[in-house]
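**Q** What follows is a predicted structure for the sequence shown.
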Amino acid sequence: MYQDDSPLFVISVAAELAGMHPQTLRQYDRLGLVSPSRARGRGRRYSARDIAQLREVQRLSQEDGVNLAGIKRILDLENQVLALGQRVEDLETEIALVRQQARRIFAAGMAGDIVATPMGRRPESQRSTALVVWRPDRSR
């Protein structure tokens, strides 16, 4: 099975799949609307995602009457939204990790070792001799 981003199609096949002339695909590549991968001989290789984007460009142009500059701006903004959405997911994961770590305290045993342990519990190995040396600031 292939991925959506796998470069599979030469320009003639991609043009047929998208319902366009190959020269139109070349123009869209020059304008940066759809940027296919390149083979070793510098030939364009289009992915399933590229084909879908070509169809979207055609729809915006023909059905909605958007010019190519407007289409480029729309695609750039959509890509920016996707990137920001991924950044939000990354930050949410990071926040969850920080919150998880904030629920721990650090204790030092008689041997000088430092152990992270859940709040409200002393380290198992040195239950009676452990000393709490740091707690996270809960005011934030």
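**A** Perfect, thanks for sending it. Numbers count the residues shown, from 1 in each chain.
**Q** What is the helix or strand where L84 lies packed up against?
**A** Using DSSP states H and E, L84 maps to helix 68-102. Counting contacts by 3 or more C-beta pairs under 8 Å, 6 or more residues apart in numbering; DSSP states H and E, helix 68-102 packs against helix 48-62. To be clear about C-beta, it is placed using only N, CA and C from the backbone, and glycine gets the same treatment.
**Q** I'd like the mean pLDDT over the helix holding L84, please.
**A** Average pLDDT, helix 68-102: 92.
**Q** One more: stretch 37-51?
**A** 88.
**Q** Can you get me the start-to-end distance on that stretch?
**A** 12 Å (C-alpha to C-alpha, to the nearest Å).
**Q** what residues are up against the nearest residue to H21 once chain neighbours are set aside?
**A** The shortest distance from H21 to any non-neighbouring residue, by C-beta to C-beta, 6 or more residues apart in numbering, is to A15 (6.1 Å). By C-beta atoms under 8 Å, 6 or more residues apart in numbering, A15 lies in contact with 21-22, 24-25.
**Q** ok, now with 7 Å
**A** 21-22, 25 (C-beta atoms under 7 Å, 6 or more residues apart in numbering).
**Q** Tell me which residue lies nearest the centroid of this protein.
**A** Taking C-alpha atoms, centre = their mean, the centroid of the chain lies closest to Q86, which sits 4.4 Å from it.
**Q** From L25, how far off is that one?
**A** 28 Å (C-beta to C-beta, to the nearest Å).
**Q** ok, now D76?
**A** Noted for D76: a distance of 19 Å to L25, by C-beta to C-beta.
**Q** domain ranges for this structure?
**A** 11-99, 104-134 (automatic domain parsing).
**Q** State the three-state secondary structure for the residue nearest to H21.
**A** helix (DSSP: H, G, I helix; E, B strand; the rest coil).
**Q** got a pLDDT number for it?
**A** Listed pLDDT for A15 reads 94.
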